[in-house]
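Student: just coords:
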């Protein structure tokens, strides 16, 4: 395997590791140390995920493109922005990074610390509704990627924060409903480490559906012609 490919895969591993490590602890660290209620809230959790994505894209995006999300990689493959082989390798690196982060947290503390940070549906949310919610929010996420990082008409210096803020907004809006995953790796890695697999299919079907729809909308309608 070429060194360039290895660098890209390592960047995807590191970026996804960071997302899961920071994100899960943003949710569960207060329970680990028995901190007062309210110290962690929806805004702080959303910003933890969003800022991590922004920082990782800014620091590693030049290496790998900064996907850190299997749904994003699937969307790139679907519209011909990435080969099927590269997409599969990216997804393996992302899932491995997410799993490593979950294992590190569960080793440092215990599986319940990871289970509490694993996205799941609220009792009032059906599987169909969960898929729809995850599809819509991931649509917005991939729309922000293709509309900022992938469009040469957009200002390049702000795209990491556009994408990061989209993640934060999605979590703030839907965190109580679905966990606001928008990313299969956010559920897969913690699930492997904690054994919390409830409604797992939602977090693959919804994000991939929304991501592919957004990618094709940009390819067929929004992309600059000629």
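Tutor: Thanks, I have the structure now. Please read these numbers as outputs of a predicted model, since none were measured by experiment.
Student: for residue 152, give me the pLDDT.
Tutor: The confidence metric pLDDT takes the value 88 at residue 152.
Student: hmm, residue 223 and it touching each other?
Tutor: No: in this structure residue 152 lies outside contact range of residue 223 using Cβ atoms under 8 Å: 10.5 Å. Heads up, the C-betas are built off the backbone N, CA and C, glycines and all.
Student: who's more crowded, these two?
Tutor: Neighbour totals were compared for residue 152 and residue 223, and residue 223 leads with 13 against 6 (other Cβ atoms under 10 Å).
Student: contacting residues for the closest residue to that one other than its chain neighbours?
Tutor: When the adjacent residues along the chain are set aside, residue 223 lies closest to residue 151, with 7.6 Å between them (Cβ to Cβ, 6 or more residues apart in numbering). By Cβ atoms under 8 Å, 6 or more residues apart in numbering, the residues touching residue 151 are 218, 222, 223, 224.
Student: among those, the buried ones, what's the PyMOL command?
Tutor: Of those, the buried ones can be selected in PyMOL as follows, counting by 16 or more other Cβ atoms under 10 Å:
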select buried, resi 218
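Student: helices - which of the contacts of residue 151 land there?
Tutor: The members of those all map outside helices under DSSP state H.
Student: now the contacts of residue 151 in a markdown table, with distance to residue 172?
Tutor: Shown next, in a markdown table, are these (distance: Cβ to Cβ, whole Å):
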| residue | distance to residue 172 |
| --- | --- |
| 218 | 24 |
| 222 | 25 |
| 223 | 29 |
| 224 | 32 |
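Student: skipping its backbone neighbours, what lies nearest residue 167 in space?
Tutor: In space, residue 167 is closest to residue 50, 4.5 Å off (Cβ to Cβ, 6+ apart).
Student: oops, could you answer that again for residue 147 instead?
Tutor: Residue 147's closest residue in space is residue 154 (Cβ to Cβ, 6+ apart), at 6.3 Å.
Student: check contacts around the spatially most central residue of the chain.
Tutor: Centrality entry for the chain: nearest residue to the mean C-alpha point is residue 183, 3.7 Å, by Cα atoms, centre = their mean. Counting by Cβ under 8 Å, 6+ apart, residue 183 touches 19, 68, 69, 70, 71, 72, 138, 203, 207.
Student: quick one: contacts of the helix or strand hosting the fifth one?
Tutor: Which is residue 71. Element membership for residue 71 (DSSP states H and E) is helix 70-78. Residues from elsewhere that reach helix 70-78, judged by Cβ under 8 Å, 6+ apart: 65, 67, 82-84, 86-87, 90-91, 94-95, 138, 141-142, 145, 182-185, 204, 207-208, 210-212, 214-216.
Student: name the element residue 52 belongs to?
Tutor: helix 42-64.
Student: what comes up buried for that helix?
Tutor: Of all the residues in helix 42-64, those buried under the rule 16+ other Cβ under 10 Å are 45-58, 60-61, 63-64.
Student: need the contact partners of it.
Tutor: 7-9, 11-12, 14-15, 18-19, 22-23, 26-27, 66, 68, 90, 149, 159-161, 163-172, 175-176, 180.
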